[in-house]
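Participant: dropping a prediction and its sequence here:
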Amino acid sequence: MTLRLFNTMTKKKELFKPLKGKQVKMFVCGVTVYDYTHLGHARTYSFYDTLVRFLRYSGYKVTYLQNVTDVGHLTEDTGEDKVEKKAKTEKKHPLEIANFYLEKHLQATDRLNLLRPDIIARATDYIPEIIKQVQTIIKNEYAYVANGSVYFDVSKFKDYGKLSKKVPDELKAGARVEINLDKTDPSDFTLWINATRGHILGWSSPWSEWGYPGWHIEDTAIALKYFSSQYDIHGGAIELAFPHHEAEIAQAEATTKIKPYVKYWVHTGLLTINKQKMAKSLGNFIRVIDALDKHSPETLRLWIASSHYRKPLDYNEKDLEVARRKVEKIRTTLGRIRESHNKAGKKSSSSKIKRLRKDFLDAMSDDINTPFALTKYFELITLVNKQLDKNQFSKNDLKLAEETIAEFGDLFQIIPLTKKIELPKGALGLIKKREAARKIGDFARADEMRNELKEKYGVVIEDTKDGVKWKFAQ
Ligand SMILES: [Zn+2]
């Protein structure tokens, strides 16, 4: 099975061949932890989850690395640090904000049955690595210091624009409009920001007493630490291609002088809500936890996999209803297969099932064409139901069909009830202790433990006549 992947760098589907044997190093841009995880994130991370699962299914050994931006990501309009801005509004410390939203992000992605990345790296844990990289870039004469800040000199890096295919004038037009007298050129970007005039999170550096890193440098410092000078796949949403990923290439290649930094650039398409761009200002911003109140994780995952990852994906209730019915159909079919094992027929359909298996895998190998793979998946479901109606499925067919539905459904996490969302460690014990306290009438202690569950684990419990029910707090 040969996998082909679309590479944004060459704008072509390329044969996938890792740098080293069957080992795959994959970095995906993580979230900036200043707000709840939204549907755009769900789309992006669900795709990379399926990609990782499929690579592992195909025999690759994948190391999946994701960063977390808890400092240095500035707003488009005013150039304020997003986490710090939120902290000021809520009168909290920026790290309190970051911890809170990172926890919420992990809860939301766990509920979507996303595999946790092998390494989750928070920018603030890598300040020494970041400073060291900035020093190397200065030493290699690709950056300059001005008023305690450090800027990458885009004019020195001739390849700047090679990913987004922008020419110098477009690069300038795309740079954030700001009054910054320190920069030599508007397209130069910040590696280190002098913050002696005020920023709660800060570190001393060779350039100023108090400052913090720019957003782009965090990713490369983290990736260089874990993956060294080159790696296989860099992922993220398409809107990150410029300037974020363009800047990453410039920084990494200016540091190591080894090209290419990344072999395959893989980007996911936009998410729209009823064909409109999702934006807080438009009031159509949908958080994952709100979508999960209305739809099961399997329904959301099936809806996401129904579109090709590079195409725009639209959230609308009609498509979600279609996805819900399909999940229901998988569930019903699996139920029918399990009931039929004792009364299997004689006729064999195994060659048809095997062909559909092959078609499915061919579609996945063709740039992870999940909509086409799903078409084949549902052809199998239809075949199974037809043969079961006629009682023409042999025992072997039943086994092969059941295995195929489970095995492929697992790649998208669309099979209902395959994974239970688990309580955080320690929470179960606390719930049991609380039950014991209630039994002996110690309601004050029980209430204390209820609060502790919420504060420590983000778990809300409800006493019902069927026993204690729990869910994650929102
Ligand atoms: Zn990034």
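Facilitator: That came through fine.

Participant: for the nearest residue to Leu191 once chain neighbours are set aside, helix, strand, or coil?
Facilitator: If the residues on either side of it in the chain are set aside, Leu191 comes closest to Val150, at 4.4 Å by C-beta to C-beta, 6 or more residues apart in numbering. In this view, the C-beta of every residue, glycine as well, is placed from N, C-alpha and C. Under DSSP: H, G, I helix; E, B strand; the rest coil, Val150 falls in the strand class.

Participant: what is the neighbour count of Val150?
Facilitator: Using other C-beta atoms under 10 Å, Val150 has 27 other residues around it.

Participant: surely it touches Trp192?
Facilitator: Yes. Counting by C-beta atoms under 8 Å, Val150 touches Trp192, with 4.1 Å between them.

Participant: and the residue in the stretch 101-250 of the chain positioned nearest to the ion, how many neighbours?
Facilitator: Closest approach between the stretch 101-250 of the chain and the ion, counting by C-beta to the ion: Asp219, at 4.2 Å. Residues contacting Asp219 under the criterion other C-beta under 10 Å number 28.

Participant: can you pull the pLDDT of the residue of the stretch 351-474 of the chain found nearest the ion?
Facilitator: Using C-beta to the ion, Ile368 is the residue of the stretch 351-474 of the chain that sits closest to the ion, at 20.8 Å. With respect to pLDDT, Ile368 scores 98.

Participant: shaky segments in the stretch 1-150 of the chain?
Facilitator: Within the stretch 1-150 of the chain, no range satisfies pLDDT under 70.

Participant: how about the residues of the stretch 1-150 of the chain near the ion?
Facilitator: Counting by C-beta under 5 Å from the ion, the residues of the stretch 1-150 of the chain close to the ion are Cys29.

Participant: how about the helices of the stretch 1-150 of the chain, start to end?
Facilitator: Per DSSP state H, counting those that start in this stretch, the stretch 1-150 of the chain carries helices over the ranges 39-57, 82-90, 94-111, 127-139.

Participant: deepest-packed of these, please.
Facilitator: Stretch with highest mean neighbour count among the helices of the stretch 1-150 of the chain: helix 39-57 (a mean of 23; mean count of other C-beta atoms under 10 Å).

Participant: one step back: what do Val150 and Trp192 both touch?
Facilitator: Val134, Trp207 (C-beta atoms under 8 Å, 6 or more residues apart in numbering).

Participant: from what I see, Arg111 and Leu292 are in contact.
Facilitator: Yes. Counting by C-beta under 8 Å, Arg111 touches Leu292, with 5.7 Å between them.

Participant: need the overlap of contacts for the two.
Facilitator: Counting by C-beta under 8 Å, 6+ apart, Arg111 and Leu292 have no common neighbour.

Participant: specify the local secondary structure of Lys346.
Facilitator: Of the three states, Lys346 takes coil under three-state DSSP.

Participant: what is the burial count for the spatially closest residue to it that is not a sequence neighbour?
Facilitator: Closest residue to Lys346 apart from its sequence neighbours, by C-beta to C-beta, 6+ apart: Ser394 at 6.0 Å. If you count neighbours by other C-beta under 10 Å, Ser394 ends up with 16.

Participant: any idea of the pLDDT on Glu179?
Facilitator: Just so we're on the same page, residue 179 is Ile rather than Glu. We have a pLDDT of 51 for Ile179.

Participant: residue contacts, the residue nearest to Lys346?
Facilitator: Taking C-beta under 8 Å, 6+ apart, one finds Ala344, Gly345, Lys346, Lys347, Ser348, Ser349, Ser350 in contact with Ser394.
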